[in-house]
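Engineer: Just the structure for this:
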Amino acid sequence: MSKKVFDEIEGLVTETRNPRSMEIDAKNTREILQIINEEDQQIPLIVAQEIPYITQAVDLMVHCFKNEGKLFYIGAGTSGRLGILDASECPPTYGTDPEMIQGVIAGGYKALVRSQEGAEDVAEQGAIDLQEAKFSKKDVVLGIAASRRTPYVLGALNYAKSIGAKTVYLTCNPRSELTIAVDVSICPVVGPEVIMGSTRMKAGTATKLVLNMITTTAMIKLGKVYGNLMVDLRITSQKVTERSKRVVMMVTGLNYDEAASLLEKANGHVKTALVMALAEVSIDEARMRLEKGEGFIRKAIGI
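Structural biologist: Predicted coordinates for the structure are as follows:
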């Protein structure tokens, strides 16, 4: 079994040696940083090549959300942590229900702060963890595995397929080498790491970029952005309270006190406050317009 794993790893792009960092241990501090930075600069252009596939993933997720489905990220190590990070940032940024986008990691939440590397080797556990999270066929699972071979992630994807749910796979190895059929595969091949096999580096950066693109675009498509402003804020802190006032001021031209007063009348809901001001309507009318406009401010003020 160990030789089989050795053979799998040996052929992975993410496990090859980077010729540009062969002598990195002999470099001075500035030279080491320069090598790392030069490698990192390639990543956005590589991710750009995957936009057609990221587009498919976003459209699939928007359809899921509109039909009361949820998105589940699942991964091990760095991949799992990045999924949980992205999921945890959506509620305060876009006012989403914490259940709407969830992160699942091999080894459970203790793996967030201390490595549980052996947990990634159990394919069955990926399926079990999805079941325990109440994953259903109307949901989407996005498996994250830089190496494309993580048993835990493959187990979760196979389970999702078996119940008829949609599947997305994010990996930093070539699409031609995938060993599982999924609805959408996103494969930014960032090449060998500066330190061989340390996929928390370039692969981790590519993963973070892709996840940012997916959830940000999905939230825009769900009407949670007006212009380039967050308008579905959940007021949970002083910073968000003041940001809400600033958004209202920027869109409406009201001064600080007027924006604060309007938000109070709108029960702290930025979207409602904006429709009240832009369409010059009552709170009840603003809510009705937003509901009729599927949450989009542009639609609500045009009704």
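Engineer: Tell me how many other residues crowd Ser261.
Structural biologist: Using other Cβ atoms under 10 Å, Ser261 is surrounded by 15 other residues. For every residue, glycine as well, the C-beta is placed using N, CA and C.
Engineer: And it, how far from Val248?
Structural biologist: Computed with Cβ to Cβ, to the nearest Å, the distance linking Ser261 and Val248 is 10 Å.
Engineer: quick one, what contacts Met213?
Structural biologist: Counting by Cβ atoms under 8 Å, 6 or more residues apart in numbering, Met213 touches 47, 54, 58.
Engineer: could you flag which of those residues are buried?
Structural biologist: Taking 16 or more other Cβ atoms under 10 Å as the criterion, what is buried in these is 47, 54, 58.
Engineer: three-state assignment of the first one?
Structural biologist: Per DSSP: H, G, I helix; E, B strand; the rest coil, the secondary structure class of Val47 is helix.
Engineer: Check which helix or strand Gly83 maps to.
Structural biologist: Secondary structure assigned from DSSP states H and E places Gly83 in helix 77-94.
Engineer: And that helix, what does it pack against?
Structural biologist: Here helix 77-94 touches strand 71-75, strand 101-105, strand 140-144, helix 202-221, going by 3 or more Cβ pairs under 8 Å, 6 or more residues apart in numbering; DSSP states H and E.
Engineer: could you dump the last one to PDB, C-alpha only?
Structural biologist: The C-alpha atoms that make up helix 202-221 are tabulated as PDB, following Å, rounded to 0.1, in the frame of the first residue of the first chain:
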ATOM      1  CA  LYS A 202       1.600  28.500  -4.400                       C
ATOM      2  CA  ALA A 203      -1.200  25.900  -4.400                       C
ATOM      3  CA  GLY A 204      -2.700  27.500  -1.200                       C
ATOM      4  CA  THR A 205      -2.500  31.000  -2.800                       C
ATOM      5  CA  ALA A 206      -4.300  29.700  -6.000                       C
ATOM      6  CA  THR A 207      -6.900  28.000  -3.800                       C
ATOM      7  CA  LYS A 208      -7.600  31.200  -1.900                       C
ATOM      8  CA  LEU A 209      -7.900  33.200  -5.100                       C
ATOM      9  CA  VAL A 210     -10.400  30.700  -6.600                       C
ATOM     10  CA  LEU A 211     -12.500  30.500  -3.500                       C
ATOM     11  CA  ASN A 212     -12.600  34.300  -3.200                       C
ATOM     12  CA  MET A 213     -13.800  34.500  -6.800                       C
ATOM     13  CA  ILE A 214     -16.400  31.800  -6.400                       C
ATOM     14  CA  THR A 215     -18.200  33.200  -3.300                       C
ATOM     15  CA  THR A 216     -17.800  36.900  -4.200                       C
ATOM     16  CA  THR A 217     -19.300  36.300  -7.700                       C
ATOM     17  CA  ALA A 218     -22.100  34.100  -6.300                       C
ATOM     18  CA  MET A 219     -23.000  36.800  -3.700                       C
ATOM     19  CA  ILE A 220     -23.100  39.500  -6.500                       C
ATOM     20  CA  LYS A 221     -25.400  37.200  -8.500                       C
END
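Engineer: Give me the distance from it to the chain's centre.
Structural biologist: 5 Å (Cα atoms, centre = their mean, to the nearest Å).
Engineer: got the buried residues for that helix?
Structural biologist: 202-211, 213-219, 221.
Engineer: quick one: average pLDDT of it?
Structural biologist: On average, the pLDDT along helix 202-221 is 97.
Engineer: And stretch 124-139, by the same measure?
Structural biologist: pLDDT averaged over stretch 124-139 gives 96.
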